[in-house]
Structure formats: C-alpha cells, structure tokens
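S.K.: let me see the structure of the following:
(chains A, B and C)
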Amino acid sequence: MAILTLTINGEQVSGKDDESLLSIAQQHGIKIPTLCHLEGLSDVGACRLCLVEVEGSPKLFPACTTKPKEGMVVSTDTERLRKYRRLIIEFLASEGNHQCSVCVVNGHCELQNQAYETGLTHVTVPYLYPKKTLDASHEHFIMDRNRCILCTRCVRVCHEVEGAHTWDLSGRGIACEIISDLNQPWGTSESCTSCGKCVLVCPTGAIIEKGEGVSEMEKKTDFLRYIVTARQKREWINVDSDEE
Amino acid sequence: MTVEELKELAEKELERQHQYKHRITYCSAAGCASCGGNAVRDTLAKTIKARNLEKDVEIAGTGCMGLCGEGPLVRIAEDGALYQRVDAGIAERIIDEHILQGKPVAENLVDTTNPFFSSQMKIVLENCGTMDSERIDDYIASGGYEALAKAVTEMQPAEVAEEVRRSGIRGRGGAGYPTGLKWGIVRKAQGEQKYVVCNADEGDPGAFMDRSVLEGDPHRVLEGMAIGGYAVGASVGFLYVRAEYPLAIERLRLAIKQAERLGLLGNRIFESDFNFRIDIRIGAGAFVCGEETALIRSIEGKRGRPRPRPPYPAEKGLWGAPTLINNVETFANIAPIIRRGSAWFAAIGTPKSTGTKVFALAGKIRNTGLIEVPMGIPLRKIIFDIGGGTPEGTTFKAAQTGGPSGGCIPAEALDLPVDYDSLATVGSIMGSGGLIVMDSTSNMVDVAKYFMEFCVDESCGKCVPCRVGTVHIHGLLEKISLGNGTTDDLALLEELCQMVKDTSLCGLGQSAPNPVLSTLRFFRNEYTELVRAPEGFVPAGTPNEQPLTR
Amino acid sequence: MMKPRVATAWLGGCSGCHMSFLDMDERLIELADKMDLVYSPIADIKKFPENVDVTLVEGAVANTENEELAHIIRRHSRIVVSFGDCAVTGNVTAMRNGLTVDAVLKRSYIELADLTPQIPRDYPTIAELMKQAKPLHEIIRVDAFIHGCPPTADSIWSAVSQLLEGKLPALSHVYLRYG
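M.R.: As a prediction, this is how the structure comes out:
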C-alpha cells in the first residue's frame, strides 16, 4: 500500500492507493453525492451521481470505484457535473411513482435529499408512470416497487452481509425489478431471514416497515458499519456516539 | 502432432483433392442455407451419384461467398465460375452442362470481373468459398495451424505478442484498441491462471461478419485463440457465442473436437509445454453481453451486467484472472500475421489502421452481402463499386456504420477513407462491420428512432443514464417524428444525448446516442422541419428584464 | 402606476395550496395593496381575463377542462407559476395514472358510492378525465415553481414577493421541499 498525493477541487489531499476517490474526498470533507454507494457494501458504480472529472481525460469517472493515481487532478463540482447530477435525479424521479406527500420516509429520503442538493425545481423529462407492484406479503415489511430506484443496496446487503441472497434483479433495461427468491411474494420466500437489513439500507420508501405513517420512518444505516468493522477488523465500535 | 506430421497431413489432403477432376463448392453458411442451399447440396450430390461421377467430382460446403443477396451460391473451383440463385434445376444443369460438357449455365453465372469481387481483398475470408468448412484437413491443406506451429516451436511468447504489435492490427470488435498492446499487457500481468476469451456475441442489427467467419472457417478462430493463449500464457480459452448462431456453434463444436483429436488443442501442443483447450459458452440473447465485462460475468454464470473499468479484463478478468479478450475477426487475423509476418500485414491498409476489414453490406444497396476490403478504402468505393450503389431511381443519402453505437455518414463524406480515425471525425465508429446504406427514401429521424428503440430494449438497466435516458430519448424522437415536438423538445433531446453519452457506465450507453447525434449533425433539417415553437414562447431572459409594475 | 394583475387557478388538486395561500394571514392585506387579484377560485370571476402578469396554478392537469384552462392561462399570462406539488410533479392527482380511466371512475362512483352508484356520463358540463394526470409543465411552458404539499405560507410569501418585484422567484434552498 502506498500513500499518494492528488488534487481535489484545487485542494492538495493524500490517500492510500487502494482507497476510492470517494473515500479520500470524504476524509477531506469534500462532499460528493451518492445513492447506490453505502459504506460497508461493495460498490457497483451504477447511479452515476458520484461521477467526477479527471484532468487529462474526456471521460467521467465514478468516484466510488475509481482508485487514485499520483498527481491526479480531480474536480467534483463543475457546472457540467451539476447538470448531469440533476438529470440523473430527474431520470430516477420520472421512472418511478414517487409521491413524497404520501410516503412514509418523506423528509428522510435520500432521493429527496439529492433532489434538494441538485436544486431540482421540476423534472424536465416526461414522467413515465410505470405500472409497478407493491408486495405486502411479508409479515413485517413492504416492498413498494413504485419507489424503487434500483440502487441494488438491498440485493447487496442481503447477499454480502446477511448471506441470504433473497433479493435479486429480474428483467433488463427499464423493465428491471427487484424480486425475492424466484420472483415470488416476499412473504413466501424461504431464504429471507426477516433480518430487516434491506429495509434500513433502502434509500427511499421502497422497502419499509409495516405500520408506519407518512414521514414517520427514518432509516439508520450505521448498523452496517458496526457489523462490517466487527467482521473485518474484529473491533466493536460504538456507532451511536460515533454518529454525533 | 509434430510440425512434420502437420505438413504430411496437408500434403495428403492435397493429394486427395487432386484425385478429383472437378471440385464444386456451395455456400453452406446460414444465409444461403436459409434460402434453399441445402436442397442445392442434395441435388448436386444426387446428380453426381446418378451420373456416376463420384470419383471425378468432389463437392464441398464452404463459408460465405459474399453475394448473400443472390444466394444460394455455387462455385466451380477449377475455373472460378460462380453461380447465383441456384435451385435444384440449375444444380442439375451445372453438372450436366458445365461439368460434363464444359458449357456454363449462362443465365445464372455471376460476372466475377465485377468490382464487387475485384475491389475486395481477402485475408479473414480467404478460405470462405473454397475450403470445406467442416473438414480440418482442408484447413490444414490451406496452411492452417502452420502459424500455431511456428509460434509454439520457433517463437518465444513475447516475440509472438511483439509480432502482433508490429502488425499494427487493432481490435475488430469496434473500438480499435491496438491488439498487440493488449496482448503485451495480459502477458505481463501477474497471475498463475490466465484466460483467453473470444467475443462472438455479435449483436448489431444487420451485422453477420463474425457469424460468417465462424461458420465458414472455424479453425482460423481457434488457431488465433491458441496463438493468443501461447503469447499471454493462458491454458484455457472460452468462445462466447450467441445462441442465435446454431450453425456456428455446431461447426465450432466439430472444429474443437477435430483439433483436439489431432492434438492441435489440448496438452503438449506440437510436443511443447504449451497446453490449451477451448470451451464454448453460449450467450442467452443479451446485446450487452458483447461488452467485455458483462460477457465475462456471463461466462462466470452471473447476470450479464457490465462493471466500471478500470480494472480492465487484461488485469482482472474472468474470475479475477488476467484475461485476453478479442473479437472473432481479430483472432481470425492472427494466423496470417504470424504465418506471413507483421511487415506483410502492416503494409496493407493505412499506417494507423492496418489490414483489412470485413463488412456486412445491408439496407438500400444493390449488392447486399459480406465483403472484405483493405482499411482506408474510400466509402464511395465500398458503396458504389462493390455495393453497386442504391436501388434504381433513388440516390444515396447516408451510410451507417457501427450499428446502434455508430453514426450516419452523409453523402458529403463519401470520399472519407474507411479507417478507425477517419470514421471518428464524422461522429461514427468503425464498429464491428455492419454497414447499412440509406437512400433518398429513408427518413433519418426514423432511423435514429429505430436504433434508440434497440438500445432501450438492450440496456441492461444497471446505470441510470442508460436505463432511463434511452427511454426518454426514444420518447422524444417518437414525439418529434409524429410532429408533436417543439423546439424545447429538440433542445432537451440534444441535452439528454450528450448526458447519456458522457455518464453511462459501459459502451452500450456511452454510444447509444450516436445515431441521434450524427443524424442531428448531418440531417438537422429533418428534425427542425418537424418541430414548432412552444406555446407561450418568450425569448430567453425577457421575463426578468421587464418589470412587472406598469 | 398600475398594480400587477395576478391570477390564481385551481386545476386537479385538493385546494390545499389555496388554503395555504390564505394561511399567509395578515400578510394578505399587504399583498392586496401591491396587486390586483383578477382571477381566482377565492374570487367570483367567471372568465380568465387577458393581460395577466402572474398566474399561480394549483393542481395537475387531469381533465379536458384543466387542459383548456391551462392553454388559456398560458396565452394570457406573462408568467405562469406551478403552485404546489400536484402542479409541479403530478403528485397525488397522478397516482391514478397506472390505472385506466374506467377503472378509476368505477372505483369512485360505483364501488365507493353510498347511494345510487352511477358513473356520470353524457353531461356536457362535466369534463372528461384525461388518460393520465400530468404536471402543468408537460402541457404548457412554466416559468417558476413553488413546491410542497401544500407549499408553506412562508414559501408562497417569498415567491409572490419576488414576483411582485418583477423577478422570477429564485426560491432559497429552504423552500425547495417536496411532499
């Protein structure tokens, strides 16, 4: 492992060569928006919100999966990137059925927060109003595909952390959907352990607890850091106090 | 198998062939087979038997003869006569009149002095039309596996990679990455196990170059892969071929079996320490699996979705091991390069795009079919000399290369040399070799819409810009083509195209807007004619500048 | 000097945005001095007038009458503002979009009816539902957006004050709140 020096937004920073640009930026207090990334899960580079510019390349790079190079000059907040991020949020808003006013995570939703961050006053592309299903067959939880943004955090946490692999994807393109087991009602899944990890990591109101009203549900993902640190480093961190 | 034994096999096969006075070949590729080619084969065989000519006339099924629009095709080896639109009746007459009386059947004879034939240059397709696709002996008799023998017995792996680098060959899958450079990287990559993968997931609409090579000359691809394996230090190769190519799969399976039986694949190839085996993996019909990282995941048995690069497969590919992944046509060029030397290859084409390129001509063009031309040939020559121009009464409007990832090239650019860099200057790409011609009757907004629909269907859905952006771009094209679009929609269309191009995860999404962007660039009037100003249109900036109070 | 002519319109929405407008309370008196309200569901004016400076539009475009009015508003207004989440995103009004119009009518007028279940048809005065309810800017050009379900009185005050100063409202971050 080597320590590298690079420049992010004109600021000299240093990081390890096996860390992601995202991680290095975060350590230096530089905020890069993310949705599919979640500390403790593998990175897939799918939402494209964390794309950054690297000097000398016409391409954009996802900060979550890009490793630093010595002398790299990175920009995370250019006009072009801001425009693209806003369009990504517009795309996500348009491909689902997101009615914030009647959503249990209203006010605690990562998609909403990103919409505010990008200054999304309205969605310029037409809404697609897809026909999506809601699965309330599980005893405790609900999967509402209307609010799913296909970040696959649930798929990853279920496979990588819980080891159940209840969730996966079906279909392709705009028809992609999260399914449980062999595309059967969640309540009939034999692999699901009802651990609730997918509920907590879901950034929107797609996977929720039953019995919550509008704006009542706030998701906390710090449990993941606790588990992952315990597994990888055999350290038992106190996430509650850490969070403040 | 030793080098000497290989030579003996070649001589024996030539001797066998010389026993016959006549050799009739028929195209046994999917194109001709699908329009009555098998009946022609049966009639030829039956007639030869009936006329008691079995000792004098040999018939062989070969790879694609090129003039696919005029099939089934039959060729007489000794005089090179080529027959088109052969049916059972003509097949019988070919035996009775041409073979027995030396009088060609004039009505169905193709003029082989036509530029369609004379302007071509065949390396990849050199055996297509002459060699029996299903007999390894015939391949060996045409110099097959000599290159592998030379590489394994006379050259160091590094020399082989260097020879490929010096040939200047670039990836024939479309992007044009220098093949030798890739080989060098995989060769130097650390890893006990390395893999060679051949990408035969040809999926562009209207493209059938790879299929024709696999059907017509499967051993050439196997030999190229084995040479690649030797150069990079891999002992296992995977040939990833789409399920829609059953004939290619059948021929490949047969070819692998034949090569294994002769020890040309397997352990201790040419009595060296080099072991190499090839397995076939069949794709399940996803266009995105032609993208290398998705293809690799598919071979691994996972859902075929791309992942961000780097790391490139050359460093971390199949099961995390360094993996050499090349396209069918690239591998098909390797044996000739090794056999005849890099200097010979590098002298063909242009300095930065060496060798030849196979194209599948389709669309509004007289001679549809499969052609191979030297790189750098002007587009005009391909379309008008080889292709015979557009149909009677129409004029040329545009040529589309690179399929759904490529762009439309207008008439003004017809003198453009066809090479990687020149095509890029007009917003298109070389692509894998699909070449679709459009004439004055083609509507360019509809063309763009067609390709975008393809991308909507084929997007894997992993990254947001491609999954959703292609749907919106298609929706806008639909709206505009129906005459319901506004200038706002046109501006949004351009904005979305640029965004999807810049932000998508893999090549599919990054290139999906190309057909729209290039038609906007060269045929903008076809868009602007369809859109109107939006209602309540105020020139930009005015609401702020006029105070509300009066 | 003439005061700016302001209109408010109520399309497919619950009127909550207008209620929130009224929640500006004593500030309404201040507004009354600065503008003329020339059309509004809270004023008895039948026809949308000409030469309107600013129109606030609540609700999604849900039926043919909404659509017609939207076009009239655009033709006669210098600045059109989407007023509240239904106008901006479709919101609750658009939740029926995954269903057919017939299914929606059947549910509302037959299945949930207390008395005389009957789908109102063939009344020329009742506008037909559009296939889908749409946000206003998918139907006409919109110049500014006020968010919330409903928007808070403060965000409306901020937007309207800016509009009356002749500016397109650049709403500060605190007012950008969906839901």
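S.K.: domains for chain A, by residue range?
M.R.: What automatic domain parsing lists as the domains of chain A is A:3-77, A:83-243.
S.K.: what about the shortest one, how long is it end to end?
M.R.: The first and final residues of domain A:3-77 sit 24 Å from each other (C-alpha to C-alpha, to the nearest Å).
S.K.: what about that domain and chain C, any contact?
M.R.: No - on the criterion C-beta under 8 Å from any C-beta of the partner chain, domain A:3-77 is out of touch with chain C, staying 14.7 Å away. C-beta here means a position set from N, CA and C on the backbone, and glycine is covered the same way.
S.K.: quick one on the thing from earlier: can I get the domains of chain A in TSV with distance to chain B and mean pLDDT?
M.R.: Output for the domains of chain A, formatted as TSV (distance: least, C-beta to the nearest C-beta, whole Å; pLDDT from 0 to 100):
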stretch	distance to chain B	mean pLDDT
domain A:3-77	4	97
domain A:83-243	3	94
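S.K.: gap between the residue in the stretch 251-400 of chain B that chain A sits nearest to and A:K67?
M.R.: In the stretch 251-400 of chain B, the residue that lies nearest chain A is B:P308 (4.0 Å; C-beta to the nearest C-beta). Using C-beta to C-beta, to the nearest Å, we find B:P308 at a distance of 11 Å from A:K67.
S.K.: now the strands: where do they sit in chain C?
M.R.: C:5-10, C:36-39, C:52-58, C:61-63, C:77-83, C:129-134, C:144-146 (DSSP state E).
S.K.: turn those into CSV, including mean neighbour count and mean pLDDT.
M.R.: Formatted as CSV, these follow (neighbours: other C-beta atoms under 10 Å in any protein chain shown; pLDDT from 0 to 100):
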stretch, mean neighbour count, mean pLDDT
strand C:5-10, 23, 96
strand C:36-39, 17, 96
strand C:52-58, 27, 96
strand C:61-63, 24, 97
strand C:77-83, 26, 94
strand C:129-134, 20, 96
strand C:144-146, 26, 93
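S.K.: which one of those strands lies closest to chain A?
M.R.: In terms of C-beta to the nearest C-beta, the element of these nearest to chain A is strand C:144-146, at 4.5 Å.
S.K.: name the helices or strands packed onto that closest one?
M.R.: With contacts taken as 3 or more C-beta pairs under 8 Å, 6 or more residues apart in numbering or on different chains; DSSP states H and E, strand C:144-146 sits against strand C:77-83, helix C:153-164.
S.K.: try 10 Å this time
M.R.: Counting contacts by 3 or more C-beta pairs under 10 Å, 6 or more residues apart in numbering or on different chains; DSSP states H and E, strand C:144-146 is packed against helix C:16-22, strand C:52-58, strand C:77-83, helix C:85-89, helix C:153-164.
S.K.: coming back round to it: who touches both of B:P308 and A:K67?
M.R.: A:F61 (C-beta atoms under 10 Å, 6 or more residues apart in numbering or on different chains).
S.K.: tell me how far the ends of stretch B:295-312 are from each other?
M.R.: First-to-last distance for stretch B:295-312 - C-alpha to C-alpha - comes to 13 Å.
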